[in-house]
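K.L.:
fold the stuff below for me.
(one chain, ligands or ions: 1)
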Amino acid sequence: MPRSNIRLIQGDITTQEVDVIVNAANSSLLGGGGVDGAIHRAGGPDILAACERLRETTHPDGLPTGDAVATTAGRLPARWVIHTVGPVYSTNEDRSQLLASCYHEALRVAEELGAQAIAFPAISAGIFRWPLDNAAKIAVDSVEAAGSAMSEVRFVLFNAEAYVAFEQAIKGLAGR
Ligand code: AR6
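P.N.:
Numbers count the residues shown, from 1 in each chain. Reported below is the predicted structural model:
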């Protein structure tokens, strides 16, 4: 049976009232489109300022794919944004482990912060072109495998198609 701490929501991740929201960022940490753009717009300039400080201090070369790092959430209802960098989808190379690592690392950093509830978008499933059904399966399997003690792991899906893909992935867990 899947762990009961996984919850699916269709909506906008920037409005979620959780301790941590996860950003599908890029290695520069300096913003972009998709959910990254939405988080910086809604959260205001403090998030970018914190990312710039990371680039000047601990992350001069940027954030490697599959890693995660926390900043303030600025004006968002969450307390922290955890930025992670998903892999660009490739048909030549299996990058599934890097995508799984985004979920594991984000959960690890969230637990270090003492977070109880975290919200994830469908990392890599937009501009980075990962096929949705497979991105959903990797996301759900990774969270399940992490066995996080967090009270809630919420996937916030932007449209009905993504919601259904995650619903199917959870059914896949239940069938095992
Ligand atoms: N709330 C929840 N999900 C969203 C939102 C939102 N407000 N906006 C988009 N999504 P993407 P990636 C969904 O492209 O594929 C950026 O430029 C979207 O429908 O945001 O990891 C970064 O800087 C899709 O299902 O992230 C990187 O350069 C999912 O979020 C690059 O895009 C992820 O889509 C990262 O690409």
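K.L.:
residues of this protein that sit close to the ligand?
P.N.:
Within the chain, the positions lying close to the ligand (Cβ under 6 Å from any ligand atom) are 12-14, 24-26, 32-36, 38, 86, 121-128, 156, 158, 162. C-betas here are computed from N, CA, C, even on glycine.
K.L.:
select the longest helix from the protein.
P.N.:
helix 96-113 (DSSP state H).
K.L.:
now R7: which helix or strand?
P.N.:
According to DSSP states H and E, R7 maps onto strand 6-10.
K.L.:
one step back: contacts for the longest helix of the chain, please.
P.N.:
With contact meaning Cβ atoms under 8 Å, 6 or more residues apart in numbering, helix 96-113 is reached by 19-20, 22, 65-70, 79-80, 82, 84-87, 118, 120, 123-124, 130, 134-135, 138-139, 141-143, 145-146, 148-150, 153.
K.L.:
in strands, which of those fall?
P.N.:
20, 22, 68-70, 80, 82, 84-85, 118, 120, 153 (DSSP state E).
K.L.:
any idea which of those has the most stuff around it?
P.N.:
Highest neighbour count within the ones in strands among the contacts of helix 96-113, by other Cβ atoms under 10 Å: V22, with 32 neighbours.
K.L.:
looks like that one contacts A115 (just checking).
P.N.:
No: with contact defined as Cβ atoms under 8 Å, V22 does not reach A115; the gap is 10.7 Å.
K.L.:
returning to what we had before: paired strands for the strand holding R7, with orientation please.
P.N.:
With DSSP bridges as the test, strand 6-10 is paired with strand 152-157 (parallel).
K.L.:
so which bits of the strand or helix carrying Y163 are buried?
P.N.:
Using DSSP H and E, Y163 maps to helix 160-174. Neighbour counts over helix 160-174 (16 or more other Cβ atoms under 10 Å) mark 162-166, 169-170, 173 as buried.
K.L.:
model confidence over the longest helix of the chain, on average?
P.N.:
The pLDDT scores in helix 96-113 average 98.
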